[in-house]
Structures are given as C-alpha cells and as structure tokens.
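**Q** turn this into a model:
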Amino acid sequence: LIASWLNHNYSCQIVHQNWKASAKWDQCIEKSKIEKLLKEIKKKFSELDLDFTTKKMKSSQMIQQGEIDCLGICLKISDFNDESLLMVDKIYAVEVAFHEDGLNYGGIEETCKRIRKKYIRMALTIYQYFGVKEAVIIFASPKTLQSHVELIKQTAVDVTVLFKELGFNFEFKLYCNEDFENNIFKPVCNILDEVSDTSE
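**A** Numbering: from 1, shown residues only. Here you go, the predicted structure:
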C-alpha cells in the first residue's frame, strides 16, 4: 500500500521496500559527525532515555543496521547551462506499523518513545547516506487507540522542533486512523483503475 502511495500519489520514480544501507557504500557524512549529532539529540531528549546504542555499538553502526520500511525518491529534470540534469526533488522515508488491537509498544509512554526513535533513526540514516538535510519522514499506522492519538501526534512535533534547532529541514508526519484512511488508503484506492500493474 505504501509503495503504491509513494509511486502514484507522490510521483516517486524510485520506491524501495525494506530499504537498508550497504556496508559497501560510501557515507556522505563522516561517522564522527553523526556521533556528535546523536549526542546533541540525546541531550535535547535526555528525559526520554533514548537508548539507541549499547556500550559495544556506536550510533553509526545503529544507523547502518537500521531499515526503512519504504523509501521513495522523486526525481526532476532541471536545466543548467543549456544541459538537462536529473536531480533528486524529494526523499520520502516511511515506517509502517499495524497492530490488530491498536498501536501499542507496551503502553503509551513506550509507544511514543519508540516512534521518536524511529523518526530520529530514519532522519540520521538519510543524512548519513544521502547527505541531505531535507526529506519527508512519515510514521503510519492504520489502527490506533483514539485516546492515544494526540500524544502520538506530538512525537512528530517534538522531533520537528528538535531537528530545526539542529539546522535541519526535515518534515516529520504521522498518519493514523482517519488520517491514514483519508491521506493514504483512499488516495491509492481512487487511482487503482488507472494503474495497469496487476501486482498492485
């Protein structure tokens, strides 16, 4: 569903499910810079106990081992000195969670903490491997307890403020319940008749 959404509704020419960085890739940002950045993040969120790493694992390793459920890249052609250049217009990173009884990682506090971690991990992964400070980072869950919605939505606000203070322009979004249905599920359903790919 998310792959189709990014492909057709956000015009991503490249969509990759279960995207993971390769140890063979060059990193755009030095590991030391990522380590320093994560220390700043931990200071800002000290009350949340963002225990990303163990004593044996550095944050750069944590990022390398992370996985993005669905990564979308939207390309555009720009003219430069009478030549056409293919450029990245936008990057979308989406984490999807479906729990039959409603989103729950062990209570609302733990759930919010885990979502913040997922946001931060995706943001740092994009920064480390693409070298950009701008992307759309989404957490999506079709079923969430209504009493938890506002607290869960606050996670996107918290992380947005944090990264802006650190000089980034990441856009963090959260779609759950009606937002998931109206912004993801229905838009995909509405264009299915126009899509000839039977795998969808």
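
**Q** and the helices in this structure?
**A** Ranges of helices within the chain are 2-4, 31-44, 59-65, 108-130, 149-165, 178-180, 186-191, based on DSSP state H.

**Q** I'd like those helices as CSV, with mean neighbour count appended.
**A** The C-beta positions use only the backbone N, C-alpha and C, and glycine is treated the same way. Listed next are those as CSV, based on neighbours: other C-beta atoms under 10 Å:
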stretch, mean neighbour count
helix 2-4, 19
helix 31-44, 15
helix 59-65, 18
helix 108-130, 21
helix 149-165, 17
helix 178-180, 16
helix 186-191, 13
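
**Q** so for residue 72, which of those sits nearest?
**A** Checking the helices of the chain against residue 72 by C-beta to C-beta gives helix 2-4 as the closest, at 8.0 Å.

**Q** return the helix or strand in the chain with minimum mean pLDDT.
**A** Least confident helix or strand, the chain: helix 59-65 with a mean of 65, by mean pLDDT, DSSP states H and E.

**Q** turn the helices of the chain into a markdown table, columns for distance to residue 73.
**A** Listed next are the helices of the chain as a markdown table, based on distance: least, C-beta to C-beta, whole Å:
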| stretch | distance to residue 73 |
| --- | --- |
| helix 2-4 | 12 |
| helix 31-44 | 21 |
| helix 59-65 | 18 |
| helix 108-130 | 9 |
| helix 149-165 | 20 |
| helix 178-180 | 22 |
| helix 186-191 | 19 |
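
**Q** so where is this structure shaky, pLDDT-wise?
**A** 46-65, 196-200 (pLDDT under 70).

**Q** hmm, try it at 50
**A** Scanning the chain for pLDDT under 50 picks out 53-54.
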